[in-house]
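Undergrad: For reference, the sequence and a predicted model appear below.
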Amino acid sequence: MIKTINDLLLDSREKNDIEICGWVKTKRASRNICFIMINDGSTLNDLQCVINVDELGTNISDSINTGASVKINGNLINSKGNEQNLELKVKSIDIIGGSINYPIQPKNHSLEFLRDISHLRFRTRTFYSVFKIRSTISYAIHKFFRDNNFIYLNTPILTSNDAEGAGEMFTVTSIDLLNNKNIDFKDDFFGQKVNLTVSGQLEAETGIFGLNRVYTFGPTFRAENSNTTRHLAEFWMVEPEMAFFDLEADIVLAENFVKYIITSVLDQCKPELEFLNALCVKKDNYSLIDKLTNTVNEKFEQISYTEAINILSNCKKNSEFRYPVTGWGIDLQTEHERYLTESYFKKPVIITDYPKDIKAFYMRLNDDNKTVAAMDILFPGIGEVIGGSQREERLDYLMNAIKEKSINPDYLKWYLETRQFGTIIHSGFGMGLERIVQFITGMDNIRDTIPFPRFPNHCEF
């Protein structure tokens, strides 16, 4: 059976007649010896393979190029070099797939350049680390909820509702748009207008009325023309909903959840974090690992929206903001969120009780009739990572909110019936997977946290 390089390096013993397959990362050749570094995707580390040119012939070494796939048989021995403990003394080598003009050469490439060849960037150490961590985060999400008695619920990707009420949705149709200028969706596949989902929350909410605690985890879509370092048109959301949870219980769960995820990565992805940590220290002179460790160990700051506005409007930096804080009722911008987390509190911040006019219809109205029982968790360097609320369980209040937002209640008949038949206090939140990946990996641009990013004017692959 073919061993992976990770298997061999973990075992760390000399062995004879080892066979490995992988891709050539680098090659150095002298008159008699050729050194090639091989990686098979099982580990961040490469395996040095030593070819005796006199024994195997110059044709072999000359035909091996960066990016080529090879199968090698040899003896695993202790290495005399400082860079590795073991190396493979090659007895035979077969080139499985050749490589000419491979674009990722052994030099520094910009992340923008690698983004344009997303189908190849998996082979770099940076993106091996990012996507290994992304995978670990995804597993940790499922494990956290399973350990806390949640049921995994698959909510639809095709939907007829707009959970956020923002209208920034992608329409899905089977109608030939090129030859049909006047579209009547009654003639469409589903007999009505259908969109790609912006959130599975409303459907997940219906699940708690029989399943108590549920979560949905899948792709969501926003037709929002935002060319920023923290927005994507296609991204993954995890959205738990909990019966009998008020806002404070919601906050406690959300903080525990995100700390569990970070702890899982710290425990399981040490080599990858150390590699990315070195990049952060070299580029911005800060320790990624220290940031993550501090996030896990410290209590998040919790303030109200009103307190946040007071801090921002009275700070010296307010006049330097692109969007100065002019008073109560405005929607907080990323620059405001980053000031609170990076300059004022210097740690994650939970903001609660937002004005009802800037939040979604389903959030529970507070007794002041001006604010809702909402909460956002803000992280340094990112801004909002988690957004949630206690949901409005009172039918008459929910109907009023729908009317104020100019939403047709006929589209939400199924949702409203949950308040007619045994309504309960309940809460939930949503977390964008890519934003937590961005925070944990230290990537500057969210487009580098998903294998194939989709954003305005870009839908390659």
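TA: Now that the structure is in, tell me what you want to look at.
Undergrad: so where do the strands sit in the stretch 351-461 of the chain?
TA: 371-379, 383-390, 426-432 (DSSP state E, counting those that start in this stretch).
Undergrad: which residues of this protein fall in helices?
TA: Counting by DSSP state H, the chain has helices at residues 5-11, 53-56, 58-62, 111-115, 125-147, 201-211, 247-268, 270-284, 288-297, 305-314, 334-338, 395-404, 413-420, 433-441.
Undergrad: Tell me which of those helices sits most buried.
TA: Using mean count of other CB atoms under 10 Å, the stretch among these with the largest mean neighbour count is helix 433-441, at a mean of 24. Placement of C-beta: from N, CA and C, glycine included.
Undergrad: As JSON lines, the helices of the chain with mean pLDDT and distance to residue 74 would be great.
TA: Putting those into JSON lines (pLDDT from 0 to 100; distance: least, CB to CB, whole Å) gives the following:
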{"stretch": "helix 5-11", "mean pLDDT": "92", "distance to residue 74": "11"}
{"stretch": "helix 53-56", "mean pLDDT": "85", "distance to residue 74": "10"}
{"stretch": "helix 58-62", "mean pLDDT": "75", "distance to residue 74": "13"}
{"stretch": "helix 111-115", "mean pLDDT": "94", "distance to residue 74": "32"}
{"stretch": "helix 125-147", "mean pLDDT": "98", "distance to residue 74": "24"}
{"stretch": "helix 201-211", "mean pLDDT": "97", "distance to residue 74": "53"}
{"stretch": "helix 247-268", "mean pLDDT": "98", "distance to residue 74": "31"}
{"stretch": "helix 270-284", "mean pLDDT": "95", "distance to residue 74": "24"}
{"stretch": "helix 288-297", "mean pLDDT": "97", "distance to residue 74": "36"}
{"stretch": "helix 305-314", "mean pLDDT": "97", "distance to residue 74": "62"}
{"stretch": "helix 334-338", "mean pLDDT": "95", "distance to residue 74": "52"}
{"stretch": "helix 395-404", "mean pLDDT": "96", "distance to residue 74": "69"}
{"stretch": "helix 413-420", "mean pLDDT": "96", "distance to residue 74": "64"}
{"stretch": "helix 433-441", "mean pLDDT": "98", "distance to residue 74": "35"}
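Undergrad: could you dump those helices to TSV with distance to residue 17?
TA: Converted to TSV, those look like this (distance: least, CB to CB, whole Å):
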stretch	distance to residue 17
helix 5-11	13
helix 53-56	16
helix 58-62	19
helix 111-115	37
helix 125-147	28
helix 201-211	54
helix 247-268	32
helix 270-284	28
helix 288-297	40
helix 305-314	65
helix 334-338	56
helix 395-404	70
helix 413-420	64
helix 433-441	39
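Undergrad: thought residue 260 was touching residue 144?
TA: Yes: with contacts defined as CB atoms under 8 Å, residue 260 counts as touching residue 144 at a distance of 5.0 Å.
Undergrad: neighbours of the nearest residue to residue 306 once chain neighbours are set aside, just the number please.
TA: Distances taken as CB to CB, 6 or more residues apart in numbering put residue 328 closest to residue 306, at 6.6 Å, once the chain neighbours are dropped. Using other CB atoms under 10 Å, residue 328 has 12 neighbouring residues.
Undergrad: which ones are touching residue 328?
TA: Neighbour list for residue 328: 306, 309, 355 [criterion: CB atoms under 8 Å, 6 or more residues apart in numbering].
Undergrad: gap between residue 394 and residue 374?
TA: To residue 374, residue 394 is 16 Å away according to CB to CB, to the nearest Å.
Undergrad: ok so, going back, nearest to residue 171, of the strands of the stretch 351-461 of the chain?
TA: strand 426-432 (22.4 Å; CB to CB).
Undergrad: what helices or strands is that closest one leaning on?
TA: helix 201-211, strand 234-243, helix 247-268, strand 383-390 (3 or more CB pairs under 8 Å, 6 or more residues apart in numbering; DSSP states H and E).
Undergrad: among the ones you listed, which is nearest residue 125?
TA: Closest among the helices and strands packed on strand 426-432, once you apply CB to CB, is helix 247-268, at 16.9 Å.
Undergrad: which helices and strands sit right next to the closest one?
TA: helix 125-147, strand 234-243, helix 288-297, strand 349-355, strand 371-379, strand 383-390, strand 426-432, helix 433-441.
Undergrad: Would you mind giving these as CSV with distance to residue 340 added?
TA: Converted to CSV, those look like this (distance: least, CB to CB, whole Å):
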stretch, distance to residue 340
helix 125-147, 25
strand 234-243, 24
helix 288-297, 15
strand 349-355, 5
strand 371-379, 6
strand 383-390, 9
strand 426-432, 19
helix 433-441, 16
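Undergrad: looking at these, which is closest to residue 54?
TA: helix 125-147 (32.4 Å).
Undergrad: Residues contacting the closest one, please?
TA: 41, 44, 111, 114, 121-122, 152, 213, 215, 217, 238, 240, 257, 260-261, 264-265, 268-269, 272-273, 275-276, 279, 433, 436-437, 440-441, 443, 448-451.
Undergrad: Export stretch 229-246 to CSV, keeping only CA atoms.
TA: Extracted in CSV, the C-alpha atoms of stretch 229-246 (Å, rounded to 0.1, in the frame of the first residue of the first chain):
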residue,chain,number,x,y,z
THR,A,229,-12.1,42.5,1.7
ARG,A,230,-14.9,41.0,3.8
HIS,A,231,-17.8,40.4,1.3
LEU,A,232,-18.5,37.5,-1.0
ALA,A,233,-21.5,36.8,-3.3
GLU,A,234,-21.4,33.1,-2.3
PHE,A,235,-20.4,32.1,1.2
TRP,A,236,-21.2,29.5,3.9
MET,A,237,-23.3,30.2,6.9
VAL,A,238,-23.9,28.3,10.1
GLU,A,239,-27.2,29.2,11.8
PRO,A,240,-28.4,27.6,15.1
GLU,A,241,-31.9,28.2,16.4
MET,A,242,-32.8,27.3,20.0
ALA,A,243,-36.2,26.9,21.7
PHE,A,244,-36.7,28.5,25.1
PHE,A,245,-33.5,30.6,24.8
ASP,A,246,-33.6,34.4,25.5
